[in-house]
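Colleague: Fold the following for me, if possible:
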Amino acid sequence: LFMLPTHLIPDSIARYNYLESTGRGLTTYSGGLLSRALETKHRLNVGGGNVTRETDNLTREWLPDDSYITTPQNAKNSPFFGGTIKRNADDEYDGLHSDQYTAPDVVYQTAKESKNGSIGLNISWSVPVEKNIDHFLRLHFCDNINPQGLLTTFILNIYDQLVITNVNNDADLSTPYYYDFVVRSDGSGLLKVSVIPNTTAAKPNAFLNGLELMKVIESSGLIPLDDPDSSSKKISIPVVVGSVVGGNKSLLRIPIGCQFELPQEGVLTAD
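Modeller: Sure, this is the predicted structure:
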């Protein structure tokens, strides 16, 4: 167990649940992730190699995505970016830009992108999940591909349904950002994510740098909010448990409903 930044995991988040009538089911997740435990299922360094725990400042391991991409004919690995990743967010930032803890630089220095964006073919990944339950999905992006900003915007789909129409609309190059969702898995046992080039963009392309997926454990207990009679802080935090390494799930058992005394604001995780 160790402390994580306060805003690493959001409490309020968009929820995707496929609606047969409209095909688009974005709502607000009302469960509150800070009152849930999260079990790590997948953490992928898209377009790159294995990222060891020693490389990640939160000791997370990231695996290559090649086993999960379903349209390899439409994609290529982007050249490794050797420049500076410009992090415009500090540790207290609560927004879409990545701070030093969101993911290591190497995740943003590699990507998969469209092999021929002008055709508009999708790049898709499918990762194994438990059926019909909520998962926390985080997708990482960083435009190190274009010579200037706003040349490339693209579409994000979940389960082949439109979620975001204008990904990569930030003028700052080499600035990492991410999108978070709670996604209700369907009955297939797979969760599918796709990026699709916008063929009307100045430079049609689509890319993805990283993917994280965690199971939302609904039976998690709470760690109480600040106690005014205590000099230390007791806060509601999500507990991250387990990981998938080389296809084998390693689960660290943590008592749920325990009370932790924290000397400062933070989030606890076990991975």
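Colleague: Quick one: the helices in the stretch 51-200 of the chain, in order.
Modeller: 105-109 (DSSP state H, counting those that start in this stretch).
Colleague: low-scoring pLDDT stretches of it, where are they?
Modeller: By pLDDT under 70, the low-scoring segments of the stretch 51-200 of the chain are 91-94.
Colleague: go again using 80 as the cut-off
Modeller: The stretch 51-200 of the chain contains residues with pLDDT under 80 at 89-95.
Colleague: ok, the most centrally placed residue in the chain to residue 42 distance?
Modeller: What sits nearest the mean C-alpha location of the chain, by CA atoms, centre = their mean, is residue 138, with 1.6 Å. Residue 138 sits 11 Å away from residue 42, going by CB to CB, to the nearest Å. From N, CA and C alone the C-beta is placed, and that goes for glycine too.
Colleague: same deal with residue 50?
Modeller: Counting by CB to CB, the gap from residue 50 to residue 42 is 13 Å.
Colleague: The two: which is more packed in?
Modeller: residue 42 (21 against 12; other CB atoms under 10 Å).
Colleague: OK, contacts around that one?
Modeller: By CB atoms under 8 Å, 6 or more residues apart in numbering, residue 42 lies in contact with 63, 68, 127, 211-213, 244.
Colleague: before we move on, back to that, list residues touching both of residue 50 and residue 42?
Modeller: residue 63.
Colleague: any common contacting residues for residue 138 and residue 42?
Modeller: 211-213.
Colleague: who's in contact with the nearest residue to residue 188 once chain neighbours are set aside?
Modeller: Closest residue to residue 188 apart from its sequence neighbours, by CB to CB, 6 or more residues apart in numbering: residue 131 at 7.4 Å. Going by CB under 8 Å, 6+ apart, residue 131 touches 185-189.
Colleague: Next: residue 85.
Modeller: Residue 85 touches 105, 108-109, 142, 174-176, counting by CB under 8 Å, 6+ apart.
Colleague: what do you get if the cut-off is 7 Å, keeping everything else the same?
Modeller: By CB atoms under 7 Å, 6 or more residues apart in numbering, the contact list for residue 85 reads 105, 108-109, 142, 174, 176.
Colleague: what's the closest of those residues to residue 86?
Modeller: Proximity of the contacts of residue 85 to residue 86 (CB to CB) peaks at residue 174, which lies at 5.0 Å.
Colleague: returning to what we had before: any chance of a markdown table for the contacts of residue 131, columns neighbour count and distance to residue 198?
Modeller: Output for the contacts of residue 131, formatted as a markdown table (neighbours: other CB atoms under 10 Å; distance: CB to CB, whole Å):
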| residue | neighbour count | distance to residue 198 |
| --- | --- | --- |
| 185 | 23 | 27 |
| 186 | 15 | 26 |
| 187 | 7 | 31 |
| 188 | 13 | 27 |
| 189 | 12 | 31 |
